[in-house]
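Visitor: Predicted model and sequence below, questions to follow.
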Amino acid sequence: MSPGVSEDASKVAIGVTEALKSTPAVLAIVIFNIMFMVLIGWAQHESGSRWERVANKALEVCAVQLQAK
């Protein structure tokens, strides 16, 4: 009987953690990169929300100006 996907994944995870135990600098770089990707994703989400608010405000101002004419 062949091992399942979860068994293979656990073997890979164990191998990776064992390899990273011997090289703490690589572990620090991996953790930093994950934190950096989360930060960039959050910044992009906030930037998109800001531009959505700007666009809605611009449309609101244009609608008010059209109604005034």
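Guide: Okay, I see it.

Visitor: right, and the helix or strand after the helix or strand of the chain with the lowest mean pLDDT?
Guide: Least confident element among the helices and strands of the chain, by mean pLDDT, DSSP states H and E: helix 5-22 (a mean of 84). On the C-terminal side of helix 5-22, the nearest following helix or strand under DSSP states H and E is helix 24-68.

Visitor: Now do that following helix: distance to the chain's middle.
Guide: Chain-centre distance of helix 24-68: 12 Å, with CA atoms, centre = their mean, to the nearest Å.

Visitor: Can you check what angle separates that helix from helix 5-22?
Guide: Relative orientation of helix 24-68 and helix 5-22, computed by axes from the mean of the first three to the mean of the last three CA atoms, to 10 degrees: 110 degrees.

Visitor: Counting by contacts, list what helix 24-68 packs against.
Guide: helix 5-22 (3 or more CB pairs under 8 Å, 6 or more residues apart in numbering; DSSP states H and E). For every residue, glycine as well, the C-beta is placed using N, CA and C.

Visitor: on contacts alone, who are the packing partners of the helix it packs on?
Guide: Checked by 3+ CB pairs under 8 Å, 6+ apart, helix 5-22 has helix 24-68 packed alongside it.

Visitor: Can you list the buried residues in the least confident helix or strand of the chain?
Guide: Of all the residues in helix 5-22, not one is buried under the rule 16 or more other CB atoms under 10 Å.

Visitor: Could I get the CA-only coordinates of it as CSV?
Guide: Output in CSV follows, covering the C-alpha atoms of helix 5-22 (Å, rounded to 0.1, in the frame of the first residue of the first chain):
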residue,chain,number,x,y,z
VAL,A,5,-0.4,12.6,0.5
SER,A,6,-0.5,13.6,4.2
GLU,A,7,2.3,11.2,5.0
ASP,A,8,4.4,12.5,2.2
ALA,A,9,3.7,16.1,3.2
SER,A,10,4.7,15.4,6.8
LYS,A,11,7.9,13.8,5.7
VAL,A,12,8.8,16.8,3.6
ALA,A,13,7.9,19.2,6.5
ILE,A,14,10.1,17.2,8.9
GLY,A,15,12.9,17.2,6.4
VAL,A,16,12.7,21.0,5.9
THR,A,17,12.6,21.7,9.7
GLU,A,18,15.6,19.4,10.2
ALA,A,19,17.5,21.2,7.5
LEU,A,20,16.6,24.6,8.9
LYS,A,21,17.7,23.7,12.4
SER,A,22,21.3,23.4,11.2
